[in-house]
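>>> below are the sequence and a predicted model; questions follow.
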Amino acid sequence: FTVRAVALNPAFQRDDLSALTIVFTYAAIGYFALTLALRFVFPSLTLEGRGAWLLWSSPIHNHEIFSWKFFFWATSLSAAMSAAAVLVVILFGFPWPLAAMFVATVFTSSVSLVALTLSIGSFSPDFRTKDPDLIATSPSGLAATAAGAGYLWIMAGYVHRATAAYLATGAVDPLALVGMSVVSLAVIAASWVAAMRFMDRMEVV
């Protein structure tokens, strides 16, 4: 609501400043998504605790555990963040091309952050630790924070490019859309493949 009030100020009616306010709202939602992912998604495997051996001794592939957690958290987080994106669209009154780009970017970013944080969290789970705050501030947690922040920085750049192009020409820059798609798909695919290979070799003692 504060950003919307600022955006209505005549001093912020220039296209470049309007684009920055939209990028800021994306960054705010992305930051909140990353915070939730670090608090709930990243430690979800570690929080299986000493009972983790039950999962690993069951007649399923280890990587299926990652798949279940990924789909659950990706659905939950993307639904919540997409609702926030729709609220932003309503508050700002985005035209439909800009609205579609904004909501799709928030949705894709949420799924990518889940894949990234869950994957890094699966590399070095400590089944003796039960404090999620302690887990999130471990070296691997800090690595997940840095990786997530770097991803959001790249995506924010594409959001700015797409928004500025729309405000100037009335059309969203297709290269920005391609860039966002490629970066997000690369993050999801790389996280998925790395986690699958690692978890199939993991042993719980």
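All right, it came through fine. As the structure is a prediction and not an experimental result, all values here were calculated from the model.
>>> can you show me the helices along this protein?
2-7, 15-36, 52-56, 62-92, 96-123, 132-136, 139-169, 174-201 (DSSP state H).
>>> output the ones you listed in CSV, with mean pLDDT and distance to residue 43 appended to each entry.
For the C-beta atoms, the positions are set from N, CA and C on the backbone; glycine is no exception. Formatted as CSV, those follow (pLDDT from 0 to 100; distance: least, C-beta to C-beta, whole Å):
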stretch, mean pLDDT, distance to residue 43
helix 2-7, 66, 31
helix 15-36, 87, 12
helix 52-56, 52, 13
helix 62-92, 89, 11
helix 96-123, 93, 6
helix 132-136, 70, 4
helix 139-169, 92, 8
helix 174-201, 89, 15
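>>> how about the ones you listed, which one is nearest residue 45?
helix 96-123 (5.3 Å; C-beta to C-beta).
>>> which strands and helices sit next to that closest one?
Applying 3 or more C-beta pairs under 8 Å, 6 or more residues apart in numbering; DSSP states H and E, we find helix 96-123 packed against helix 15-36, helix 62-92, helix 139-169, helix 174-201.
>>> buried ones in that helix?
Buried residues in helix 96-123, counted by 16 or more other C-beta atoms under 10 Å: 98-99, 101-103, 105-122.
>>> show the model's pLDDT score for residue 50.
If you check residue 50, the pLDDT there is 52.
>>> change the start of the numbering to 216 and stick with it
Right, with 216 as the first residue, what we last looked at is residue 265.
>>> circling back to that earlier point, just the helices of the chain: most buried one?
Each of the helices of the chain was scored by mean neighbour count; the highest is helix 311-338, a mean of 23, by mean count of other C-beta atoms under 10 Å.
>>> between that one and helix 354-384, how big is the angle?
Here helix 311-338 points in a direction 170 degrees away from that of helix 354-384 (axes from the mean of the first three to the mean of the last three C-alpha atoms, to 10 degrees).
>>> what's the angle between helix 311-338 and helix 277-307?
Taking the same axes, to 10 degrees, one finds helix 311-338 and helix 277-307 inclined to each other by 150 degrees.
>>> angle of helix 311-338 against helix 389-416?
Inter-element angle recorded for helix 311-338 and helix 389-416: 20 degrees (by the same axes, to 10 degrees).
>>> now helix 311-338, how far from the centre of its chain.
How far helix 311-338 lies from its chain's middle: 4 Å, per C-alpha atoms, centre = their mean, to the nearest Å.
>>> now that helix and helix 230-251, what's the angle there?
Angle, helix 311-338 to helix 230-251, by the same axes, to 10 degrees: 30 degrees.
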